[in-house]
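>>> Got a sequence here, can you model it:
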Amino acid sequence: MGTVAKYSAELAAARDPIELTITSADEAWSWLEAATKNLPIPPIGEMKFEGWPQLTFNVKGRDWDSSVPALIMGPLLEYHRDLQRAYANVRYGTPASQRLRDDERDQLELVVKVGQGSSDFVAELAKQFAVFASEAAKKMSSTQVVVLVLGLALTFTAPELYKQYVAQRQAETDALKTVQLSQEETKRANILADAFHMASELMTAKNDRLETENRILKAMRPADRITNGGVELTGEQARQITRPDRALAQAVAISGIYRILRVDTDRGAGFRIKVEDLGSAETLTADVPIELSSKQRDVISAAEWKKEIIWLSIDAERYRDSIRDATVTSARKPTDAELLKLLGEE
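Model prediction:
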């Protein structure tokens, strides 16, 4: 099994599995462009990473000298959560990171190093994306593996994506336009856009990354300076292009079989319940409004009292792994077919 890096027509004709070792963004772009253009991809026995990908950015300002101010800790943790969500989407078909086992969380652990002199943040991601590649290879063709794994690696780290985001936000907010993509950067942004159409997991990862970048920009003080993806912004410029968190939440309608964990009746006419989704293991808190029929509210009360499972339909907002502002719109006992589907016996 030969070791190769950059895509070529000669490699495309290979019949024996190759060992694909990616050592730079240029190599990753080469393979992703070939896959999105539907060029032949040889069988890949193993995909490895050396020295790439890296997550990097630099901040200068008060309290940023070789330190990590508390205001940036939350956004840094979001990078870790973004990786977990992306892997859960590859492994389990859902971005709900609650599905991950402890050993999977350990494999994806993100270590951010802080440099000397100013706050240079660097996180090596080679180990994590090797785990992505190993999992994807179990159920995908070589072309799909290239699109998904290299697409994810570039989605998380490509300066082109961040630069495009800043340029778009400056245009949308009428801020001073300081960022413009070069011809090559525009080409690469278009390659990534093609990949987004080929793998839905990439769109989720893109939204997660940009939400995290938004949170980091919001954490800047006016006198700070942040350099990310070759783009330098003052704290004031960063603040001008940020979006409110509420704008990042998505309205969702969810339904499934739940176990009621707690009932809070101190809610006036209605009440509130904490439930666990037996399909995804996700827990959430939802209001049961007085407008819900008395029959359906009785079904919920009986399920809690008798420790029975229940089918719920819920309207809510999803922000990354969090469900908020949830309201029960329907409640009933699950059917036999729904129970069998939950048990995987349909």
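>>> Could I get the CA-only coordinates of stretch 277-296 as PDB?
What follows is stretch 277-296, C-alpha atoms only, in PDB (Å, rounded to 0.1, in the frame of the first residue of the first chain):
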ATOM      1  CA  ASP A 277     -35.600  11.300  24.400                       C
ATOM      2  CA  LEU A 278     -35.200   7.500  24.300                       C
ATOM      3  CA  GLY A 279     -34.000   7.600  20.700                       C
ATOM      4  CA  SER A 280     -31.100  10.100  21.100                       C
ATOM      5  CA  ALA A 281     -30.700  10.100  24.900                       C
ATOM      6  CA  GLU A 282     -31.100  13.900  24.700                       C
ATOM      7  CA  THR A 283     -32.700  15.600  27.700                       C
ATOM      8  CA  LEU A 284     -34.700  18.800  27.600                       C
ATOM      9  CA  THR A 285     -37.200  20.900  29.500                       C
ATOM     10  CA  ALA A 286     -40.500  21.800  27.900                       C
ATOM     11  CA  ASP A 287     -43.600  23.800  29.000                       C
ATOM     12  CA  VAL A 288     -47.000  22.100  28.900                       C
ATOM     13  CA  PRO A 289     -49.300  25.000  28.200                       C
ATOM     14  CA  ILE A 290     -52.900  25.300  29.500                       C
ATOM     15  CA  GLU A 291     -54.000  25.400  25.800                       C
ATOM     16  CA  LEU A 292     -53.100  21.700  25.500                       C
ATOM     17  CA  SER A 293     -56.200  19.600  25.900                       C
ATOM     18  CA  SER A 294     -57.000  18.300  29.300                       C
ATOM     19  CA  LYS A 295     -56.900  14.700  27.900                       C
ATOM     20  CA  GLN A 296     -53.300  15.200  26.700                       C
END
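>>> Can you give the contact residues for it?
Under the criterion Cβ atoms under 8 Å, 6 or more residues apart in numbering, residues 94, 96, 98-99, 254, 256-259, 261, 267-276, 297, 300, 309, 312, 314, 316, 323, 326-332, 342 lie in contact with stretch 277-296. Every C-beta, even on glycine, is put in place using the N, C-alpha and C of the backbone.
>>> Can you flag which of those residues belong to strands?
Within those, residues falling in strands by DSSP state E are 254, 256-259, 261, 267, 270-276, 309, 312, 314, 316, 323, 326-332.
>>> Report the buried members of the contacts of stretch 277-296.
Using 16 or more other Cβ atoms under 10 Å as the burial test, the contacts of stretch 277-296 include 96, 99, 254, 256-259, 271-273, 275-276, 297, 300, 309, 312, 314, 316, 323, 326-329, 331 as buried.
>>> any idea how far residue 82 lies from residue 177?
28 Å (Cβ to Cβ, to the nearest Å).
>>> More neighbours: which of these two?
The residue with more neighbours, out of residue 82 and residue 177, is residue 82; 25 against 10, by other Cβ atoms under 10 Å.
>>> helix or strand for that one, which one?
In this structure, residue 82 sits in helix 70-92 according to DSSP states H and E.
>>> can you list contacts of that helix?
55, 59, 68, 94-97, 99-100, 104-105, 108-110, 112, 121, 123, 125, 128, 131-132, 135-136, 148, 152, 156, 201, 204-205, 208-209, 211-212, 215-216, 219, 320-321.
>>> buried set for the helix or strand that comes right after it?
Using DSSP H and E, the next helix or strand after helix 70-92 towards the C-terminus is helix 102-107. For helix 102-107, the neighbour count (16+ other Cβ under 10 Å) marks 104, 107 as buried.
>>> Following the chain onward from helix 102-107, which element is next?
Using DSSP H and E, the helix or strand that follows helix 102-107 towards the C-terminus is strand 112-114.
>>> So which other helices or strands are in contact with that next one?
Secondary-structure packing of strand 112-114 (3 or more Cβ pairs under 8 Å, 6 or more residues apart in numbering; DSSP states H and E): strand 119-124.
>>> For the strand it packs on, give the mean pLDDT please.
Taken as a whole, strand 119-124 has a mean pLDDT of 82.
>>> Sheet-wise, list the partners of it with their directions.
strand 54-60 (antiparallel), strand 112-114 (antiparallel) (DSSP bridges).
>>> Show me how far the first one is from its chain's centre.
Here strand 54-60 is found 19 Å from its chain centre; the criterion is Cα atoms, centre = their mean, to the nearest Å.
>>> how far does stretch 227-242 stretch from start to finish?
Taking Cα to Cα, to the nearest Å as the measure, stretch 227-242 stretches 16 Å from start to finish.
>>> gap between it and the chain center?
Remark: stretch 227-242 is offset 22 Å from the chain centroid, using Cα atoms, centre = their mean.
>>> can you check stretch 259-274 too?
Distance of stretch 259-274 from its chain centroid, counting by Cα atoms, centre = their mean, is 31 Å.
>>> can you give me the end-to-end distance of that stretch?
End-to-end distance of stretch 259-274: 9 Å, with Cα to Cα as the criterion.
>>> From the rest of the structure, what touches it?
In contact with stretch 259-274 (Cβ under 8 Å, 6+ apart) are residues 275-276, 278, 283-290, 292, 297, 300-301, 303-304, 309-310, 328.
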